[in-house]
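Visitor: can you look at this prediction? I've put the sequence above it.
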Amino acid sequence: MRHILTSEQFDRPFLEWLFQQTDSLRTAFAKQQLGRPLDWSMLFTIFYEPSTRTRISFEAGASHLGMRVVSTENAREFSSGAKGETLEDTIRILCGYKPSVIVLRHFENGAAERAAKVSTVPIINAGDGPGEHPTQALLDLYTIAREKGKIDGLTIVIGGDLAHGRTARSLAKLLAKFDDVQIIFVAPPRFRIGRDIKDYLKRHHAHFSEEIYMFPALAKADVIYWTRIQSERMMTWMPKFMRRWIAMLMQQPYIIGRTELERIREDAIVLHPLPRVGEITTEVDIDLRAAYFRQAENGMYVRMVLLDWVLQ
Amino acid sequence: MRHILTSEQFDRPFLEWLFQQTDSLRTAFAKQQLGRPLDWSMLFTIFYEPSTRTRISFEAGASHLGMRVVSTENAREFSSGAKGETLEDTIRILCGYKPSVIVLRHFENGAAERAAKVSTVPIINAGDGPGEHPTQALLDLYTIAREKGKIDGLTIVIGGDLAHGRTARSLAKLLAKFDDVQIIFVAPPRFRIGRDIKDYLKRHHAHFSEEIYMFPALAKADVIYWTRIQSERMMTWMPKFMRRWIAMLMQQPYIIGRTELERIREDAIVLHPLPRVGEITTEVDIDLRAAYFRQAENGMYVRMVLLDWVLQ
Amino acid sequence: MRHILTSEQFDRPFLEWLFQQTDSLRTAFAKQQLGRPLDWSMLFTIFYEPSTRTRISFEAGASHLGMRVVSTENAREFSSGAKGETLEDTIRILCGYKPSVIVLRHFENGAAERAAKVSTVPIINAGDGPGEHPTQALLDLYTIAREKGKIDGLTIVIGGDLAHGRTARSLAKLLAKFDDVQIIFVAPPRFRIGRDIKDYLKRHHAHFSEEIYMFPALAKADVIYWTRIQSERMMTWMPKFMRRWIAMLMQQPYIIGRTELERIREDAIVLHPLPRVGEITTEVDIDLRAAYFRQAENGMYVRMVLLDWVLQ
C-alpha cells in the first residue's frame, strides 16, 4: 500500500515521474479531457486543526478527478475531553467506513506515520505539527522544475525564517537529491537554518552557503524562495506589542518590493509558500517573475497526481 | 464575466427574465425533468462567518443542478492571526483551484466587490457585513411577483426594524424599479427607515409614506413584509436585561398574530426574511396568506437560476 | 412517511429483515456490485452538536449509495443568540430546500420527534441529547446477530456505566424482543442500570440479573458489551483531580485486558460502542473475539440500509 508520509520517501526517478505526470494532468485538465478517472473512489479529509487552504486544494482536486469527498475540520473532537480516543482507534474506525484514501492533518509530529501503521487504506500526510508536510514540499519542487525547465545546476536562495519554517527546511532537503544545486540561505541571525539540515546537506554533498543580507544573494538567484519571519516564535518572554515592534524592524531588511525586484535577474522567479503578510509587497504581483500564485495552483495539480498514485 | 454583487446591478428586464426562469426551473424540478445541467461545474462556498441557512440553500441548489461543492464556514482562518492574508490573496489562490464560481460570505462591507476585482471566476455575494445580500433581495421580490402575479400597482407594507434591517432596505430600493408601487413603512420611532432610502425613492419617483402604528397600514396592504426589531442594537449603554425588557415592550405593538390577521385583506400575503423570534406568532402559520416558508423555498430556486446565469 | 426516531419503534420482524438486508448490502458492496441505487436523492446532515464519527458514517454510507450530501455541524447557529429560531421553523425551512432525508443530531431530548412532526421528508434521529440514538442501538444488535448467528438464547453481559450509558440502556430494551435472552448487568454500585429499564424488562418477561464483580459474569457470557464509566458525571461537588483519581480506582476492577480475556469463553465476543478510553486495553485488539472495530464498521452498513428504507 502506498502512503505519503514524508518528503524524504521519494527518490529522484519518482520526482521526475511526478513532474511529468503533473504536466500531463494539467494539460488534460485545461483541455477538459480529464474525465472522472477516480469516480469509483472516496476521499476522507480528516483535519485535527483547520488548514482551509490545504483542505480545499485536496477536496477540489479530488472532486475534479470525480472522487466523492467526506470532510471534517473537527477531527480534534475525536481525541478531546472525556471522549478522548487514540489516533490509532480513530483511524481503525474510519477505515471501517471504507474510504479509498485518508488525507490527514494533525497537530502532533509523527501522527501520519502512526496512522499509516494501523490504516487499511493509503494515508496522505497533510501536515503533522512541526513535522512534515510532504505535498507542500513536492509542489514547491515541481514549481521550480516547471518554471525553470530543470533543477540541476540552479542557484536557489531560500530566505526568511529558516529556523522554524517547515517548508524551507523540507525544500532544502529535497534539493539535495539534484546535481550541482547551489543553495544560499538568507536569514537574520536568530532565524538561521538548523544544524540538522546543514549536516544533511553535507552528507549528501550539496553546496550551500549562509548570508545575513539579502541583496548579494538575490542578484545571483535563479530561484528565490521567500518565507515569513515567524515573529510570534521569538523572545516569548517579551510583551506582545514589543515583539511586534521588534519583528517589524527585523523584517524590514527582508522585504521584497519593487526596489529589490530591480536587482533580481530577468529570468529568475520568486516563490513563497503563502500566506504572505508583507514580506513580499503587492507591487511585485504584476511582475511575471512573481510565481507564487502559479505555485499555489500547482499545489492542486500535484495533489491530484498523488491521489491517483496512492490509489494505483 | 458575470458577478452578483449588489441588488442594484439588475434592471427591470433582467428581473422579469429572472422571475420567468425561476418559474420554469421549479416546474422542471417538481417534474424531475431538471437533469444535472451543471454537472461539469464546481462551486466553492467560502464563508467568513457562519450563515448556515444561506450556505445550505446554495449548496442544495447547486447539488440539485449536478454541481460539485467544496465548502468552508471557516474562511476567517485565512485572514486571522499570524497567518493573516488579504482577501485578495485568498481569492487569487482559491481561483487557482479552478472552481467554476465562488459564493462568498464576508463580514466587511464591500468585500464581494474587492473579491470580484481579482477573481478569475464569477463571485456571488452571499452577504458582506452590513452591506449587500443581493440574492435575499431577489428572492423577496420574486416571491411577491409569484404570489401576487405582478408587482406594478401593489401596496406594500414594510415593517419592523427598518433602520438596521438590510433586507427591508434592499427590497425598498428594488421596488422603486416598478410602476405605481405604494410603500408604507411601519416602524417604531427609533427604527425608522433611513434618509438615504427615502432620498433614493424620491429620486426614482416612488410613492411611499411612513407610519408608527401598524393597524391602518395592514388593512391597505397587498403585501406585508415583516422583520424582527433588532433590540440588541438599541441603547447599548443600558444593561442587557433592561434592553430586553424594553425591547419586549417595544415589540408588543408590532406582533402579527391571529387578531392582526383578521384585519388583513383576504388576498394579501405576509412575508418575512426569517428567522423570526416572535414578531409573527406560530398561529399565523396555518393561514394560507402566510407566505414566509414558501418565500424561503423560493430562495433556493432563485439561487439555482443565478448560479446558472453566472455560468453562461 | 418513514422516520427513524427511537429504537423501540421496530418490532422483531423488522429487525430480522434489517439484519438480512444489511448482510446482502455488505456482500454487494464488497463485490462492488452495489452501484449507486440512491443517486437520485440528497441527504442533509444537520448536527446541532458535533458527533464526527456518526456524521462521517452516515455521509460515507450515503455517498457509497450515490446520494449527494449537504452537511453542517454548525446547526446550533440556527437557534442561538438573537437569530434564535425554533427547531420547527428550521426544519420547515430546510424541507423547502428539498432534501430526500434529514439526519438530525440535537442536544435536547425529544428533538427528533418534534422535527418529524413538521418535516415533509423522513427524519433519522442521530442522537437527541440524553434521549435516543436508535441507529447505534440497531448496529449493536446487528453485530450480535451477525457474529453469533442468532440472538435467541444468548447470555449477554452488559457492563460499565449503566446509569448514564445511553447505548447500554437501549440495547437492553431491544434484547427484550428476543426469546430466552439472559442479560447480566455488571456495574459499580453508583452506576447500576436504572429502575425504568428493569421494570421494562420485567414487563416483557426478559431474564436479567445484576452483578458488581465482573469475573463470574464474564465466564458465562456469549456476548460482552462493555462501556466507559463516565466519571465526569459523578460527585460533581468534588474537585476534578480528585474525581479523576477516584474514577481511576473505581474503573480498575472493570478493565478488560489480557488476563480477563483468558476467563472468557472461546466463542464469546467483546463489543464496545466506542470510543474507549482504557476500559478495554489495546492488548485485546488482536484477539479475534474483540469485535468492536467490526461493530463500528457494521454501523455504516446498517445506516445505509436504513437510509434506503426511509426512502422507499
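Guide: Great, that's in hand.
Visitor: once you drop chain neighbours, what's closest to the residue nearest the centre of chain A?
Guide: Per C-alpha atoms, centre = their mean, the C-alpha nearest to the average position across chain A is that of residue A:136, at 2.1 Å. Closest residue to residue A:136 apart from its sequence neighbours, by C-beta to C-beta, 6 or more residues apart in numbering or on different chains: residue A:167 at 5.5 Å. For the C-beta atoms, the positions are set from N, CA and C on the backbone; glycine is no exception.
Visitor: related to what we said a few turns ago, which residues does the residue nearest to the centre of chain A contact?
Guide: With contact taken as C-beta atoms under 8 Å, 6 or more residues apart in numbering or on different chains, residue A:136 is in contact with A:54, A:127, A:166, A:167, A:170, A:273, A:299.
Visitor: okay, who's weakest in those by pLDDT?
Guide: pLDDT is lowest at residue A:166 among the contacts of residue A:136; the value there is 88.
Visitor: give me the neighbour count for that residue.
Guide: Residues lying near residue A:166 (other C-beta atoms under 10 Å in any protein chain shown) number 17.
Visitor: how about it, what does it touch?
Guide: Applying C-beta under 8 Å, 6+ apart, we find residue A:166 in contact with A:127, A:130, A:131, A:132, A:133, A:136.
Visitor: let's see it at 10 Å
Guide: Neighbouring residues of residue A:166 by C-beta atoms under 10 Å, 6 or more residues apart in numbering or on different chains: A:127, A:129, A:130, A:131, A:132, A:133, A:136, A:137, A:227, A:273.
Visitor: quick check: closest non-adjacent residue to the one residue in chain A that gets nearest to chain B.
Guide: Per C-beta to the nearest C-beta, residue A:297 is where chain A lies closest to chain B, at 3.1 Å. Of all residues not flanking residue A:297 in the chain, residue B:96 sits nearest, at 3.1 Å (C-beta to C-beta, 6+ apart).
Visitor: so which residues on the stretch 1-150 of chain A come close to chain C?
Guide: Where the stretch 1-150 of chain A comes near chain C, counting by C-beta under 10 Å from any C-beta of the partner chain, the residues are A:39-40, A:42, A:44, A:46, A:67-79, A:81-86, A:88-90, A:92-99, A:118.
Visitor: go again using 6 Å as the cut-off
Guide: For the stretch 1-150 of chain A, the residues in contact with chain C (C-beta under 6 Å from any C-beta of the partner chain) are A:68, A:70, A:72, A:74, A:77, A:82-85, A:92-93, A:96-97.
Visitor: buried residues, the helix or strand bottoming out on mean pLDDT in chain A. List them.
Guide: Lowest on mean pLDDT, DSSP states H and E among the helices and strands of chain A sits helix A:240-251, with a mean of 77. Buried residues in helix A:240-251, counted by 16 or more other C-beta atoms under 10 Å in any protein chain shown: A:243, A:247, A:250, A:251.
Visitor: dump those to a markdown table, plus distance to residue C:146.
Guide: Shown next, in a markdown table, are those (distance: C-beta to C-beta, whole Å):
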| residue | distance to residue C:146 |
| --- | --- |
| A:243 | 60 |
| A:247 | 60 |
| A:250 | 64 |
| A:251 | 62 |
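Visitor: helices of the stretch 101-250 of chain A, start to end?
Guide: Taking DSSP state H, counting those that start in this stretch, the helices of the stretch 101-250 of chain A run over residues A:111-118, A:134-148, A:166-175, A:195-203, A:214-220, A:240-251.
Visitor: could I get the shortest one in CSV with only the CA atoms?
Guide: Only the C-alpha atoms of helix A:214-220 are listed here, as CSV (Å, rounded to 0.1, in the frame of the first residue of the first chain):
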residue,chain,number,x,y,z
MET,A,214,19.7,39.5,1.1
PHE,A,215,21.0,41.8,-1.7
PRO,A,216,24.1,40.0,-2.8
ALA,A,217,22.2,36.7,-2.8
LEU,A,218,19.2,38.0,-4.7
ALA,A,219,21.4,39.0,-7.6
LYS,A,220,22.8,35.5,-8.1
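Visitor: buried sites along that helix?
Guide: In helix A:214-220, counting by 16+ other C-beta under 10 Å, buried: A:214, A:217, A:218.
Visitor: quick one: residues in contact with that helix.
Guide: Residues from elsewhere that reach helix A:214-220 (C-beta atoms under 6 Å, 6 or more residues apart in numbering or on different chains): A:155, A:157, A:159, A:184, A:186, A:211, A:263, A:264.
Visitor: residues in contact with the first one?
Guide: Residue A:155 makes contact with A:182, A:220, A:221, A:222 under the criterion C-beta under 6 Å, 6+ apart.
Visitor: in PyMOL, how would I select the buried members of the residues you listed?
Guide: The buried residues among the contacts of residue A:155 can be selected in PyMOL (16+ other C-beta under 10 Å) with this line:
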select buried, chain A and resi 182+221+222
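Visitor: return the member of the contacts of residue A:155 nearest to residue B:31.
Guide: Nearest to residue B:31 out of those is residue A:222 (C-beta to C-beta; 61.4 Å).
Visitor: so who does the closest one touch?
Guide: Each residue near residue A:222 by C-beta under 6 Å, 6+ apart is listed here: A:154, A:155, A:268.
Visitor: ok, which pair from the contacts of helix A:214-220 is furthest apart?
Guide: A:211 and A:264 (15.0 Å).
Visitor: show me which of these two is the more surrounded one.
Guide: Legend: neighbour count by other C-beta under 10 Å for residue A:211 and residue A:264, higher for residue A:264 (20 against 16).
Visitor: now that one, nearest residue through space, not along the chain?
Guide: Nearest to residue A:264 is residue A:218, by C-beta to C-beta, 6+ apart, at 5.4 Å.
Visitor: likewise residue A:91?
Guide: Nearest residue to residue A:91, sequence neighbours excluded (C-beta to C-beta, 6+ apart): residue A:115, at 4.7 Å.
Visitor: so that neighbour is in contact with residue A:104, correct?
Guide: Yes: between residue A:115 and residue A:104 there is a contact at 5.5 Å, judged by C-beta atoms under 6 Å.
Visitor: quick one, which of these two is more surrounded?
Guide: residue A:104 (28 against 25).
Visitor: bridged to the more buried one, which residues?
Guide: Beta-bridge pairing for residue A:104 (DSSP bridges): residue A:46, residue A:125.
Visitor: residue C:293 versus the residue of the stretch 101-250 of chain A found nearest chain C, what's the distance?
Guide: For the stretch 101-250 of chain A and chain C, the shortest gap (C-beta to the nearest C-beta) falls at residue A:118, measuring 9.3 Å. Going from residue A:118 to residue C:293 by C-beta to C-beta, to the nearest Å gives 10 Å.
Visitor: overlap in contacts of those two?
Guide: Joint contacts of residue A:118 and residue C:293 (C-beta under 6 Å, 6+ apart) are residue A:92.
Visitor: can you list the low-confidence ranges for chain A?
Guide: Low-confidence segments of chain A, defined by pLDDT under 70: A:81-82, A:231-235.
Visitor: wait, what's in contact with residue A:91?
Guide: The neighbourhood of residue A:91, defined by C-beta under 6 Å, 6+ apart, consists of A:115, A:118, A:119.
Visitor: put together JSON lines for the residues you listed, with distance to residue B:197 on each row.
Guide: What follows is these, written out as JSON lines (distance: C-beta to C-beta, whole Å):
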{"residue": "A:115", "distance to residue B:197": "57"}
{"residue": "A:118", "distance to residue B:197": "62"}
{"residue": "A:119", "distance to residue B:197": "59"}
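Visitor: what's the closest of these to residue A:28?
Guide: Looking across those and measuring by C-beta to C-beta, the closest to residue A:28 is residue A:119, at 29.9 Å.
Visitor: quick check: closest non-adjacent residue to that closest one.
Guide: Nearest non-adjacent residue to residue A:119, counting by C-beta to C-beta, 6+ apart: residue A:91, 5.2 Å away.
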